[in-house]
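> I'd like to go over a predicted model; first the sequence, then the structure.
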Amino acid sequence: MKKKMLYIDGSSGISGDMFVGAMLDLGADRSVVSRVLQGLPDQEHFTVRYGRMQKSAVDCFDFDVVMDGAYDNHDHDMAYLYGTENPYAYEDHGENHGENHGENHHHDDPHVHGGHHVHRTMGEIREILDGLDMTPGARQTADRIFAVLAEAESKVHAVPPDEVHFHEVGAIDSIADIVAAAVCLDNLGVTETVVSPLTEGTGRVRTQHGMLPVPVPAVTQIAADAGLEIHIEQVPGEYVTPTGAAIAAAVRTRDRLPAHFRILRTGYGAGKRQQALPGFLRLMLIEADTEETSGQTDTAGAPAAYSDRVLKIETNVDDCTGEMLGFLMKRLLLAGARDVYYTPVYMKKNRPAWQISVLCAPEDREKMAALIFSETTTIGVRYVLMDRTCLPRRKEQVDTAYGPVEVKITMKNGQPCCAPEYESARKAAEKYGVPLQDVFEAVGRAASDMR
């Protein structure tokens, strides 16, 4: 079966507006984005502009949230951001207007550059998200991106996530970038995202807390929490913004491309700064076989294990019948859960109970939680995003005395390891009226001939 994936090429960094521009260039519906953004507050203080721009001789989509003078954070002001550290600081190439980040960037003094500052908590941002005309999937993605930022900021500033006061990330242009990114992802139906190493520069950049080293603390914290790979290029400037890093961390499900894939479309999103590296973000919408491996090889040249991410959802119940739990498992697996299992536990008052555990794709969280709520007595679920390492695998058919049987082949130490698919083996056993074990043994003999 083929699966659609998004590939984020972070070789020139990533920021919020670059990501949205590239998604729109891929084909996300601009009218849907505009409709959702019309529900944001402070409509009188900003304008959303769509256009095209040449960056490093590449035609890019330009998504630009333009704030009025009182609200403008002057993120395009290279001299203010870098002073004389950046050789491009005082050059105006007509390309460096209006992009915003999440790391509390820029002036806290309203008299400097006329900046108007809005400090919002996570709760206030969620109220804004709840009032927007967006799908549940898009709202969930936007909330997840903000949650990544809140978690990082809470660790950097040693305050609980709910008490984090976002500065520029709470400003309406940053909120617009994140909301638009979530709407585009939902609109294109992206189910998996591969994130390449993100290239960052060197030096210092001015933030609300003064001049800070690049990458700024929020970016390093997001990268550490999410396991994002960072590549430092020895060029001055900030290329990975906290908003861009948060988007990559929130949507990433894999960090390696499949061995084989077909490129459906390529999109380029324009940045607003003129710096040494190309000023655009490239995204590719690709299609790959769901059983394919990452394409990495070990030292012997054989396909290597690869990493991706799964979501683990759990809840404890002490008042569900076995029939209810059995029916729930069937529904979860039919809905796409990768695994479902029950663990006996003891709860309050020494009551014997069951812990329900579900492994699924991160984007299936709401669907799986809805099934758990509808089919059990629980009133709450918990979840955690987990990294995993997988052996490469593929499906084939082997010829046996009981006809062709589907098998799953994995590679261990450079040697194929073959296991029969139960349903295929069951059908063969029933067709020929033999024990299932006989079919398994026949598969084993056929597999040994493959080595």
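Here it is on my side, so go on. Nothing here was measured: the structure is a model prediction, and the numbers come from that model.

> Point to the residue nearest the middle of this structure.
Compute the mean C-alpha point of the chain, and by C-alpha atoms, centre = their mean the closest residue is Val251, 0.9 Å away.

> Need phi/psi at the closest residue to it other than its chain neighbours.
Spatial nearest neighbour of Val251, chain neighbours left out: Thr193 (4.5 Å); criterion: C-beta to C-beta, 6 or more residues apart in numbering. All C-beta spots, glycine's among them, are computed from the backbone N, C-alpha and C. Backbone torsions for Thr193, taken as degrees, to the nearest 10, come to phi -130, psi 130.

> Now do the same for Thr193: its pLDDT.
pLDDT for Thr193: 92.

> How many residues are close by it?
Counted with other C-beta atoms under 10 Å, residues neighbouring Thr193 total 22.

> Would you mind writing the CA trace of stretch 263-281 as CSV?
What follows is stretch 263-281, C-alpha atoms only, in CSV (Å, rounded to 0.1, in the frame of the first residue of the first chain):
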residue,chain,number,x,y,z
ILE,A,263,8.0,12.7,-5.8
LEU,A,264,4.5,14.0,-6.3
ARG,A,265,5.2,17.7,-5.9
THR,A,266,8.0,20.1,-4.7
GLY,A,267,7.3,23.4,-2.9
TYR,A,268,9.5,26.3,-2.1
GLY,A,269,8.7,28.9,0.6
ALA,A,270,10.5,32.2,0.6
GLY,A,271,12.3,33.6,3.7
LYS,A,272,12.6,37.3,4.2
ARG,A,273,16.2,37.6,5.2
GLN,A,274,19.2,38.0,2.9
GLN,A,275,21.9,35.7,4.3
ALA,A,276,24.7,33.5,3.1
LEU,A,277,22.6,30.3,2.6
PRO,A,278,19.7,30.1,0.1
GLY,A,279,16.8,32.0,1.6
PHE,A,280,14.1,29.3,1.0
LEU,A,281,12.7,26.1,2.5
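
> start the count at 15, not 1, going forward
In the new numbering, first residue 15, that becomes stretch 277-295.

> can you give me how far the longest strand anywhere in the chain is from the chain middle?
For the chain, the longest strand by residue count, based on DSSP state E, is strand 320-331. In terms of C-alpha atoms, centre = their mean, to the nearest Å, the centre of strand 320-331 is found 15 Å from the chain centre.

> Check the offset of the helix or strand following that strand from the chain's centre.
Per DSSP states H and E, the first helix or strand lying C-terminal to strand 320-331 is helix 336-348. Put simply, helix 336-348 sits 29 Å off its chain's centre (C-alpha atoms, centre = their mean).

> ok so, going back, tell me how far the residue nearest to Val265 lies from Ser70.
Going from Thr207 to Ser70 by C-beta to C-beta, to the nearest Å gives 24 Å.

> Check which helices and strands the helix or strand in which Cys198 is found sits against.
Per DSSP H and E: Cys198 is located in helix 186-202. Contact analysis of helix 186-202 by 3 or more C-beta pairs under 8 Å, 6 or more residues apart in numbering; DSSP states H and E lists helix 30-40, helix 44-51, strand 60-69, strand 72-81, helix 136-144, helix 150-171, helix 256-265 as its packing neighbours.

> ok and it relative to helix 256-265, angle-wise?
30 degrees (axes from the mean of the first three to the mean of the last three C-alpha atoms, to 10 degrees).

> With just CA atoms, put helix 186-202 into CSV.
Extracted in CSV, the C-alpha atoms of helix 186-202 (Å, rounded to 0.1, in the frame of the first residue of the first chain):
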residue,chain,number,x,y,z
ILE,A,186,-0.6,37.7,16.0
ASP,A,187,1.9,37.2,13.1
SER,A,188,3.5,34.2,14.8
ILE,A,189,0.1,32.7,15.7
ALA,A,190,-0.9,33.2,12.1
ASP,A,191,2.2,31.3,10.9
ILE,A,192,1.5,28.4,13.2
VAL,A,193,-2.2,28.2,12.5
ALA,A,194,-1.6,28.5,8.7
ALA,A,195,1.0,25.7,9.0
ALA,A,196,-1.5,23.4,10.8
VAL,A,197,-4.3,24.2,8.3
CYS,A,198,-2.0,23.4,5.3
LEU,A,199,-0.9,20.1,6.8
ASP,A,200,-4.5,19.1,7.4
ASN,A,201,-5.6,20.3,4.0
LEU,A,202,-3.0,18.3,2.1
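
> The residue nearest to Val265 contacts Asp269, correct?
No. Taking C-beta atoms under 8 Å as the definition, Thr207 is not a contact partner of Asp269, at 9.8 Å.

> ok, the closest residue to Lys381 other than its chain neighbours - contacts?
Leaving aside its chain neighbours, Lys381 sits nearest to Ala349 (5.9 Å; criterion: C-beta to C-beta, 6+ apart). Ala349 makes contacts with 378, 381-382, 385, as judged by C-beta atoms under 8 Å, 6 or more residues apart in numbering.

> Which one of those residues sits in the busiest neighbourhood?
Met382 (23 neighbours).

> which stretch of helix or strand covers that one?
helix 379-389.

> What is that helix packed up against?
helix 150-171, strand 320-331, helix 336-348, strand 366-374.

> among the ones you listed, which is nearest His245?
Between His245 and these, the shortest separation by C-beta to C-beta is 17.4 Å, and it involves strand 320-331.

> Could I get the buried residue list for the closest one?
The neighbour-count check on strand 320-331 (16 or more other C-beta atoms under 10 Å) flags 320, 322-325, 327, 329-331 as buried.

> got the CA positions of that strand in CSV?
Presented in CSV, the C-alpha positions along strand 320-331 are these (Å, rounded to 0.1, in the frame of the first residue of the first chain):
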residue,chain,number,x,y,z
TYR,A,320,15.7,2.9,11.0
SER,A,321,13.9,5.2,13.4
ASP,A,322,10.4,6.6,13.4
ARG,A,323,7.8,7.7,16.0
VAL,A,324,4.7,6.2,17.4
LEU,A,325,2.1,7.5,19.9
LYS,A,326,1.3,5.4,22.9
ILE,A,327,-2.1,5.9,24.4
GLU,A,328,-3.0,4.4,27.8
THR,A,329,-5.8,4.3,30.3
ASN,A,330,-6.8,2.1,33.3
VAL,A,331,-10.3,0.6,33.7
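
> now that strand against helix 336-348, angle please.
160 degrees.

> Just list what strand 320-331 packs against, helices and strands only.
With contacts defined as 3+ C-beta pairs under 8 Å, 6+ apart, the secondary structure elements packing on strand 320-331 are strand 366-374, helix 379-389, strand 396-404.

> try 6 Å this time
For strand 320-331, the elements it packs on are strand 366-374, strand 396-404, judged by 3 or more C-beta pairs under 6 Å, 6 or more residues apart in numbering; DSSP states H and E.
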